Structure formats: C-alpha cells, structure tokens
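A.B. asks: sharing a model that was predicted from the sequence below.
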Amino acid sequence: MSQIWPFDVKIKESLSPREGIRYFRCLYLYPVKRRFEEVAEILEEVVTNELNRFRMVPATQPAVERIDLVTSSEIIQEEIWTKVLDADLIFCDITGYNPNVMFECGVCAAWKRNDEVKLIKDHFFKQESAFDIAPKRYIEYEMTSRGRPEFVKKVRKLVEQALIRYPDGRGRSPEISLPLELDFRDSRDTGILYTPPFAHRRAIGGRLEFGSSQDFSHSWASLGKKRFRDIDLEFEAKFSNAVNEEEAWIGVGLRSHHCFAPFGHILYLRANGMIIIAQPNDMPPQLYQDIRLRNKMPIDTDRDHLFRISFDDRALEVEVDGFSRSFRVRDMPKVFKDGLIRFQAYYC
C-alpha cells in the first residue's frame, strides 16, 4: 500500500532493509516550471563534475534527482518522501514560495541536518522571507552572463563540502575510550576500526588486512568516528599485494576530514623507501604539498614497519622505522582543529 503522509513513509522505510552499500544522492526540489530548467542543468553539471573530481559514482542518472523525472508507478508523494529521506544533499528552490516546495522544505527541516539542506532562490524574486526559515541562509542566483558563474562557484563549494563529509558520515562505529590498544594476534576483527563499504577487509595472519588496490577513495580504515586534536600514536603496518612497486604506499592521515590530501596531514612510506608527508595549504590547484622527508632506499616490504606520531598545538613529530622529523605547528601553512585518525594505503 502506498503512503502519502511523510511520517508514514518514514516508518515504512525504517522497517525496510536499507542499502548496505550506497552512492551519494543529491535532490533538487523546485516548482515544476520550465523557467527552473536552467538552474537544474547547472546543478547537474556541477554535481557531476565534483563527483568525478572526488572519484565517486552518482547513485542515479542524472546525478541530481528531480521529482518531475520520477517514472515509478507508485504514488508520487511516497516517491518524494523516500527521496528526501535518502538524499545526502538537497537543494530547495524557494522562489515564489511555491506551496509544494515549502511543504517539502518543512519535511527536510524535520528529517535532515542543517548542512544537508540548502535553500536557493532567484535574485529577482522580492518578497519578505517566511518567518520560520528567515534565520537560515540561502543562496541567490541570477540567470545572467554575470550571475551564472557566481552561482556555479557557490554551488561547487556546497557540493564539495557535502562530498568531504560524505564518506565519514556513513555507517556506525562504537565509542572509543582512551588509552586504546588494538592487536590482531588472534586474527579477530574489531568494529572500532571503520572501513568504507567497498573496501577489502579481513583479519588474517595476526593483522587486519584492508583496502582497495584499484580505488584509493575506498582504501582506508579510521579509528572509529572520533575526532582527535592531540594525538600520540604508535602502530605497525606492512605492504600487502602491492600492484605498483614504485607508487604503492602505507601511512596514516592525521586530523583527517577526508582521505584526499588537502583535507588532513598524511604521513606515508612508499614501497621504494621514500617517506613523504602531504601537508595541506590554500594554494590552488592542488591545495596541498608533498614534502619528501627521505629519499628512495631499499626496504623490506614483507616485514612490519613501525610508525610513531605525536601531534599537538605545538608540534607534529613523526617517525618511521627510526627515521624522524619534527614540524612546528606555527610554521605550517594550514592546520585543522581536529579530525579522524585514518590509516591509508595506495596500490596495495
């Protein structure tokens, strides 16, 4: 039986099996009129480009779902509420205060976090803001030669922020109490280390083997969902099934907000013996710099390698197999307040 009331749909969906593996979902809610087609096309282009930049696959085609494109035989209201429930980022176009969109916007406010719902409206629509949404910021757009590039820039930033949050917003992990010691000598796994759904993972040979040799964005394991500011960390790691002896590496992201280099400090050891730290900055286009700490040298990739890291408000101190370096925080171009501890691998 189809449901038309949002609460009934939410109850129905909560009792249904949810996708264990799912892709990023974006939704555009707007008055179904031709004048909004250009806005929809801009959102589609920006979201598609950003998904490609983050090496992510859209959940749907087109990448931005729209209610007017629904082809299901189900009652459309149930489709709308299901899509709202599943969306990771929603653009609500409040131009004209269309009653359908405003009702949908209210459901979004009840079900979604503030950073998951973005209000947009035509700059030339002049009307006093509705009282209940007046405190929330919204983005204005102008479909003019000057206005389009500015709108694209703003949307790109919002989508980027959503995609940065997305991987760490999936799944659950138990609370962490410190100090913490983990070992896998009995080859038993633990839920404390969280890995993305597409990652290979198994406890074997007294260690946890994880990662994806072909997809870097799924080749990591975080220490739960806890955000750390001060870090005192020691761990052993080894290479496994390296598919590129020159490029393969193992390491850890510190104060990490995403597995990519601009969103945390990443210390790593390459299979060729090189030790590198990726340091974020605000210099485009990369927004980070690879700092080579040690040049190439022969290493045994079949043995464990010891990492020691200390990170506080004064200094970042790193050590790999006895080779150490120290960085003063005040000299770093960019430092995040806190973030995940994210063990990472590449091509292995």
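C.D. replies: Noted; the coordinates are in hand.
A.B. asks: so which residues of the chain form helices?
C.D. replies: 6-14, 37-53, 76-86, 99-111, 147-165 (DSSP state H).
A.B. asks: just the C-alphas of the shortest one, formatted as CSV.
C.D. replies: Spelled out, that is helix 6-14. Presented in CSV, the C-alpha positions along helix 6-14 are these (Å, rounded to 0.1, in the frame of the first residue of the first chain):
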residue,chain,number,x,y,z
PRO,A,6,5.7,11.8,5.3
PHE,A,7,5.6,10.2,8.8
ASP,A,8,4.0,7.0,7.4
VAL,A,9,6.7,6.8,4.7
LYS,A,10,9.5,7.3,7.3
ILE,A,11,8.0,4.5,9.5
LYS,A,12,7.7,2.2,6.4
GLU,A,13,11.3,2.9,5.3
SER,A,14,12.6,2.4,8.8
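A.B. asks: surely R227 touches F336?
C.D. replies: No. With contact defined as C-beta atoms under 8 Å, R227 and F336 do not form a contacting pair (9.4 Å). Backbone N, C-alpha and C define where each C-beta goes, glycine included.
A.B. asks: who touches K226 in this structure?
C.D. replies: Counting by C-beta atoms under 8 Å, 6 or more residues apart in numbering, K226 makes contact with E175, I176, L340.
A.B. asks: circling back to that earlier point, shared neighbours, R227 and F336?
C.D. replies: R255.
A.B. asks: how does this protein divide into domains?
C.D. replies: Following automatic domain parsing, the chain resolves into domains at 6-165, 174-346.
A.B. asks: residues contacting E142?
C.D. replies: Here E142 is in contact with D122, H123, F124, R148, E150, F151 (criterion: C-beta under 8 Å, 6+ apart).
A.B. asks: what score does the fifth one have for pLDDT?
C.D. replies: Looking at E150, its pLDDT is 96.
A.B. asks: least confident of the helices of the chain, on average?
C.D. replies: Minimum mean pLDDT among the helices of the chain: helix 6-14, a mean of 77.
A.B. asks: for it, buried residues please.
C.D. replies: Residues of helix 6-14 classed as buried by neighbour count (16 or more other C-beta atoms under 10 Å): P6, V9, K10, K12, E13.
A.B. asks: weakest of the domains of the chain in terms of mean pLDDT?
C.D. replies: Among the domains of the chain, domain 6-165 scores lowest, with a mean of 86.
A.B. asks: quick one: distance of that domain to the chain centre.
C.D. replies: On the basis of C-alpha atoms, centre = their mean, to the nearest Å, domain 6-165 sits 18 Å off its chain's mean C-alpha point.
A.B. asks: start to end distance for that domain?
C.D. replies: End-to-end distance for domain 6-165, by C-alpha to C-alpha, to the nearest Å: 26 Å.
A.B. asks: likewise stretch 12-26?
C.D. replies: By C-alpha to C-alpha, the extent of stretch 12-26 from end to end equals 22 Å.
A.B. asks: please apply the same query to stretch 174-191.
C.D. replies: Where stretch 174-191 begins and where it ends lie 7 Å apart, using C-alpha to C-alpha.
A.B. asks: contacts for it, please.
C.D. replies: So stretch 174-191 is contacted by 173, 192-193, 201-208, 223-224, 226 (C-beta under 8 Å, 6+ apart).
A.B. asks: most neighbours, which of the contacts of E142?
C.D. replies: Highest neighbour count within those, by other C-beta atoms under 10 Å: F151, with 21 neighbours.
A.B. asks: my guess is it meets T144, correct?
C.D. replies: No. Counting by C-beta under 8 Å, T144 is not a contact partner of F151; they are 9.7 Å apart.
A.B. asks: L208 is in contact with H200, isn't it?
C.D. replies: No. The criterion here is C-beta under 8 Å, and L208 misses it with H200 at 10.8 Å.
A.B. asks: tell me which of the two has more neighbours.
C.D. replies: Between L208 and H200, counted using other C-beta under 10 Å, the more crowded position is L208 (21 against 14).
A.B. asks: what residues does the more buried one make contact with?
C.D. replies: Counting by C-beta under 8 Å, 6+ apart, L208 has contacts F184, D189, T190, L193, R201, R202, A221.
A.B. asks: partners of it in the sheet?
C.D. replies: A203 (DSSP bridges).
A.B. asks: count of neighbours near V155?
C.D. replies: Residues within reach of V155, counting by other C-beta under 10 Å, total 22.
A.B. asks: R330 and L254, how far apart?
C.D. replies: 17 Å (C-beta to C-beta, to the nearest Å).
A.B. asks: tell me which of those two has more neighbours.
C.D. replies: L254 (23 against 9).
A.B. asks: show me what contacts the more buried one?
C.D. replies: By C-beta under 8 Å, 6+ apart, the neighbours of L254 are I231, G264, H265, I266, L267, I309, F311, L316, G339, I341.
A.B. asks: could you turn the buried ones of the contacts of stretch 174-191 into a PyMOL selection?
C.D. replies: Command for PyMOL that selects the buried part of these, burial taken from 16+ other C-beta under 10 Å:
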select buried, resi 192+193+203+207+208+223+224+226
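A.B. asks: I'd like the contacts of stretch 174-191 written out as JSON lines, with distance to R325 added.
C.D. replies: Formatted as JSON lines, those follow (distance: C-beta to C-beta, whole Å):
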{"residue": "S173", "distance to R325": "31"}
{"residue": "I192", "distance to R325": "29"}
{"residue": "L193", "distance to R325": "26"}
{"residue": "R201", "distance to R325": "31"}
{"residue": "R202", "distance to R325": "33"}
{"residue": "A203", "distance to R325": "32"}
{"residue": "I204", "distance to R325": "33"}
{"residue": "G205", "distance to R325": "31"}
{"residue": "G206", "distance to R325": "30"}
{"residue": "R207", "distance to R325": "26"}
{"residue": "L208", "distance to R325": "27"}
{"residue": "L223", "distance to R325": "23"}
{"residue": "G224", "distance to R325": "28"}
{"residue": "K226", "distance to R325": "26"}
